[in-house]
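In: Have a look at this prediction, sequence included:
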Amino acid sequence: MQPLIDNARLFGQRPEEFAELAEGQSPQVLFITCSDSRVVPALITGARPGELFELRTAGNIVPPYASAHPTGEACTIEYAVEVLGVRDIVVCGHSHCGAVGALVRGDDLTAVPAVRDWLTRATPRPSGTVEDPAVTEGVQSHILTQLLRLRSYPYIEKRLGERRLSLHAWFYEVHTGAVLAHDARTDTFEAL
C-alpha cells in the first residue's frame, strides 16, 4: 500500500496539469470492462484524464435493461449516452477472466453468493473450452452477448438508429498486451 500512497502524494503536487478538468468532462468513449486489476483502460488506450468514461464490473457484465429497477451499471451507461453524449461504447473482455472462467467451468460459487448471483446476469452462459486457462472462446462469446444486451437499452437502440453511436467489442490478452477487435464481417476477433 505504501507505494500507492507515495504516488498519490506526488500526484497531487502538479495542480496546474489538472486545473482544466474542473471545468467538466466530455469523454467520447464509454469503456465497459472487467474489474480485474490487470485490465487498466487508460494504460491500454493511452487515454488521459477526461477522455474515457469507465464502467467496471465483475466479468464486464451489462445487466438487462429494467427501468423500474435501475442498477448502478445502467445509470452509468445512461449518463454516458444521454448526458455526456459519448459517440462510442467499447465492451472489453480479457483473457484469463475469473468470472467468465467460473461460468464456462460451472464452478460452485456458493461460498461467494453475491458473485454467484451477479454472474447469473451473464445469460446465456458463455460457451468455451473448459481446459483453456485463457478462456478465450468463452470471453469472446461473452463480450458479444454484452453488446447485444446494450442494444436492448432503448436510448442506445435509438442512437444506433440515428448513427450517433457505435458499439465495439474488444478482447485484451493480459499475457501479451495485445488487443483484438471483433470484425462483424468475418465474425472473428482480429488485431487492432
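Out: The structure has been received and is ready for your questions. Residues are numbered from 1 along each chain as shown.

In: hey, where'd the helices end up in the protein?
Out: Taking DSSP state H as the criterion, the chain contains helices spanning 2-11, 41-45, 72-78, 98-105, 113-119, 136-151, 154-161.

In: Deepest in the core, which of those helices is it.
Out: helix 98-105 (a mean of 22; mean count of other Cβ atoms under 10 Å). The way it works is simple: take the backbone N, C-alpha and C, and place the C-beta from them, glycine included.

In: related to what we said a few turns ago, in JSON lines: the helices of the chain, plus mean pLDDT and distance to residue 59.
Out: Conversion of the helices of the chain to JSON lines gives the following (pLDDT from 0 to 100; distance: least, Cβ to Cβ, whole Å):
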{"stretch": "helix 2-11", "mean pLDDT": "83", "distance to residue 59": "25"}
{"stretch": "helix 41-45", "mean pLDDT": "96", "distance to residue 59": "16"}
{"stretch": "helix 72-78", "mean pLDDT": "96", "distance to residue 59": "12"}
{"stretch": "helix 98-105", "mean pLDDT": "94", "distance to residue 59": "3"}
{"stretch": "helix 113-119", "mean pLDDT": "94", "distance to residue 59": "6"}
{"stretch": "helix 136-151", "mean pLDDT": "96", "distance to residue 59": "7"}
{"stretch": "helix 154-161", "mean pLDDT": "97", "distance to residue 59": "20"}
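
In: could you dump those to a markdown table with distance to residue 187?
Out: A markdown table is the format used below for the helices of the chain (distance: least, Cβ to Cβ, whole Å):
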| stretch | distance to residue 187 |
| --- | --- |
| helix 2-11 | 41 |
| helix 41-45 | 23 |
| helix 72-78 | 25 |
| helix 98-105 | 19 |
| helix 113-119 | 25 |
| helix 136-151 | 9 |
| helix 154-161 | 19 |
